[in-house]
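Visitor: Structural data only, the sequence is not supplied:
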């Protein structure tokens, strides 16, 4: 098979390219910009384009397929050439379905938690020696890539994103997978640039349920009223509700309670206890025994940027989390505070996504960080302008969050300088963003404030005037 990627540098795209290369496919690709870690990872597999930019000569009649990434535009010259030649053009979710259409597909959707639930299922299957294909939105221990495809696997586990499939295909990605086993973790309005009303957003999940294969299973969070309604209206599938797994918290450690047993976890938070219940139901449906599930889950350490511990000592822990939507902020801050009730929680959040930077959406953040003892919100006005959004002000953001004492800033250097001067004894720091606070080296900063023996210069996490790491 000869496959060409248009916009090979994307997070999902470069992982799929590597997965197909490892499967034995002949893979080529183009992009007008490729950043790390995509650049190094493509280069290590001999897949990095020799030059940046679009080159229609790379598209020829001997190709079996062209895969189109979201970064490309509808008038991309390589895409136009592929159409002219009559080549088969796929979005990456279409191609994943094509690769797994004869397998048992598990798809995890929802506004929050889908990466973690997918990661849990993958971890349990791997520990128990089960072969499976997969696609997940974070790097996981034990997996070289975020996409894996093979000939021998009979199971495929996909994280199901509700965002658009490609520049030429406005269908949500998870509509293309047609699962046999589906999970929905919850519905909280997101991607308002694509789904302008909450009702329109909810409709995408209702459509997803209608696309479950006949006789399949819908595993859904019982605490979400919208999912309860959708499940009640579903037909031809078995609907299985789940709640947070029974547990207890002792000395800053969370334990699952299973009968009289207590199973120590490396993760915590009510949202993760719900995620575990969802993963348990999926693994049961795949023939994994409860005993095998619990034996595996006790070694699950989480996915990258999902309550990831960057550094810690006896009295301070620094976490990094991908949280950016109101529901994710609320769940993540509450989880850290509940796990460490005797420590102050300092929470810093960066508004970075299209939805979070839109003036009309800011009121949805009301009380989203109320569990934090000290709260900061940062945004970069240049990011707002780059996304072609109406300008917002710190006053607008503060009014949207409506939290007493919350501070809003547009100066990331000043924010991190302020944090570096704090006395961190008896405090935890939670850094939440889908970005990186304008290029901050967060692990280096975390190591500095916890006194990690690995020494970092302070300039390591400050920007230089050009906006790069010094």
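Guide: Thanks, I have the structure now. What you see is a predicted model, and the numbers here were worked out from it, not measured in a lab. Numbers count the residues shown, from 1 in each chain.
Visitor: What ranges does the stretch 351-470 of the chain have for its strands?
Guide: 374-378, 407-409, 427-432 (DSSP state E, counting those that start in this stretch).
Visitor: right, and residue 284 touches residue 290 too?
Guide: Yes: Residue 284 is within contact range of residue 290, at 7.2 Å (criterion: Cβ atoms under 8 Å). Bear in mind the C-beta positions are built from the backbone N, C-alpha and C, glycine included.
Visitor: Which of those two has more residues huddled nearby?
Guide: residue 284 (15 against 11; other Cβ atoms under 10 Å).
Visitor: host element of residue 139?
Guide: Under DSSP states H and E, no helix or strand contains residue 139.
Visitor: The nearest residue to residue 316 once chain neighbours are set aside and residue 343, how far apart?
Guide: In this structure, residue 316 finds its nearest non-sequential neighbour in residue 424, 4.5 Å apart by Cβ to Cβ, 6 or more residues apart in numbering. Computed as Cβ to Cβ, to the nearest Å, the residue 424 to residue 343 distance reads 10 Å.
Visitor: what is in contact with the two at once?
Guide: 315, 316 (Cβ atoms under 8 Å, 6 or more residues apart in numbering).
Visitor: returning to what we had before: for residue 259, which of the strands of the stretch 351-470 of the chain is the nearest?
Guide: Distance to residue 259, taken as Cβ to Cβ, is lowest for strand 427-432 among the strands of the stretch 351-470 of the chain, at 32.5 Å.
Visitor: Run through the neighbouring helices and strands of that closest one.
Guide: strand 317-321, helix 326-339, strand 344-350, helix 442-450 (3 or more Cβ pairs under 8 Å, 6 or more residues apart in numbering; DSSP states H and E).
Visitor: can you list the ones you listed in a markdown table and add distance to residue 303?
Guide: Output for those, formatted as a markdown table (distance: least, Cβ to Cβ, whole Å):
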| stretch | distance to residue 303 |
| --- | --- |
| strand 317-321 | 10 |
| helix 326-339 | 13 |
| strand 344-350 | 19 |
| helix 442-450 | 16 |
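Visitor: With mean neighbour count as extra columns, can I get the ones you listed in JSON lines?
Guide: Below are those laid out as JSON lines (neighbours: other Cβ atoms under 10 Å):
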{"stretch": "strand 317-321", "mean neighbour count": "24"}
{"stretch": "helix 326-339", "mean neighbour count": "22"}
{"stretch": "strand 344-350", "mean neighbour count": "24"}
{"stretch": "helix 442-450", "mean neighbour count": "21"}
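Visitor: Tell me how the chain divides into domains.
Guide: Structural domains of the chain, as assigned by automatic domain parsing, span the residue ranges 2-87, 95-297, 308-461.
Visitor: quick one: average pLDDT of whichever helix in the chain runs longest?
Guide: Longest helix in the chain by number of residues (criterion: DSSP state H): helix 270-285. For helix 270-285, mean pLDDT rounds to 97.
Visitor: And for residue 252, the neighbour number?
Guide: Residue 252 has 12 nearby residues by other Cβ under 10 Å.
Visitor: Strands of the stretch 101-250 of the chain, residue ranges please.
Guide: 104-109, 133-135, 147-148, 155-159, 164-166, 169-172, 181-184, 217-221, 238-242, 247-250.
Visitor: out of the ones you listed, nearest to residue 393?
Guide: Between the strands of the stretch 101-250 of the chain, strand 164-166 lies closest to residue 393; by Cβ to Cβ that is 30.0 Å.
Visitor: which neighbours does that closest one have in its sheet, and in what orientation?
Guide: The pairing partners recorded for strand 164-166 under DSSP bridges are strand 169-172 (antiparallel).
Visitor: ok, now which ones touch residue 422?
Guide: Residue 422 touches 346, 449, counting by Cβ under 8 Å, 6+ apart.
Visitor: Okay, now the unreliable bits of the protein?
Guide: 452-470 (pLDDT under 70).
Visitor: how far does stretch 103-110 sit from the chain's center?
Guide: 15 Å (Cα atoms, centre = their mean, to the nearest Å).
Visitor: So that it lines up with my notes, have the first residue be 36 from now on.
Guide: With 36 as the first residue, the last one maps to stretch 138-145.
Visitor: which other residues reach it?
Guide: 132, 149, 152-153, 156, 168, 188-197, 209, 212-222, 240, 243, 248, 256, 313, 317, 321.
Visitor: Tell me how many other residues crowd the nearest residue to residue 104 once chain neighbours are set aside.
Guide: Spatially, and ignoring its direct neighbours in sequence, residue 104 is nearest to residue 42 (3.1 Å; Cβ to Cβ, 6+ apart). Per other Cβ under 10 Å, the neighbour tally for residue 42 reads 27.
Visitor: circling back to that earlier point, residue 355: which of the strands of the stretch 386-505 of the chain is closest?
Guide: Nearest to residue 355, of the strands of the stretch 386-505 of the chain and by Cβ to Cβ, is strand 462-467 at 5.1 Å.
Visitor: hmm, who's touching stretch 327-334?
Guide: Contacts for stretch 327-334 (Cβ under 8 Å, 6+ apart): 155, 158-159, 162-163, 291, 293, 296, 298-301, 311, 314-315, 318-319.
Visitor: In helices, which of the residues you listed fall?
Guide: 155, 158, 159, 162, 311, 314, 315, 318, 319.
Visitor: buried subset of those?
Guide: The neighbour count (16 or more other Cβ atoms under 10 Å) marks 155, 158, 159, 162, 311, 314, 315, 318 as buried among the ones in helices among the contacts of stretch 327-334.
Visitor: what residues are up against residue 189?
Guide: 138, 139, 166, 167.
Visitor: Could you report the neighbour count for the nearest residue to residue 109 once chain neighbours are set aside?
Guide: Of all residues not flanking residue 109 in the chain, residue 202 sits nearest, at 5.0 Å (Cβ to Cβ, 6+ apart). Residues lying near residue 202 (other Cβ under 10 Å) number 19.
Visitor: pretty sure residue 202 is touching residue 45, no?
Guide: No: Residue 202 is beyond contact range of residue 45, at 11.8 Å (criterion: Cβ under 8 Å).
Visitor: The residue nearest to residue 104 against residue 106, yeah?
Guide: Yes: the criterion here is Cβ under 8 Å, and residue 42 meets it with residue 106 at 4.0 Å.
Visitor: Name the residues contacting each of those two.
Guide: Common neighbours of residue 42 and residue 106 (Cβ under 8 Å, 6+ apart) are 48, 66.
Visitor: Which residues does stretch 63-74 contact?
Guide: Taking Cβ under 8 Å, 6+ apart as the rule, stretch 63-74 contacts 37-46, 48-49, 52, 77, 82-84, 87-90, 93, 106, 113.
Visitor: Give me the buried entries from these.
Guide: 38-46, 48-49, 52, 77, 82-84, 89, 93, 106, 113.
Visitor: rewinding a little: can you say which of the strands of the stretch 386-505 of the chain is packed in most?
Guide: For the strands of the stretch 386-505 of the chain, the largest average neighbour count (mean count of other Cβ atoms under 10 Å) is found in strand 462-467, namely a mean of 24.
Visitor: Quick check: neighbours of it in the sheet, parallel or antiparallel?
Guide: strand 352-356 (parallel), strand 379-385 (parallel).
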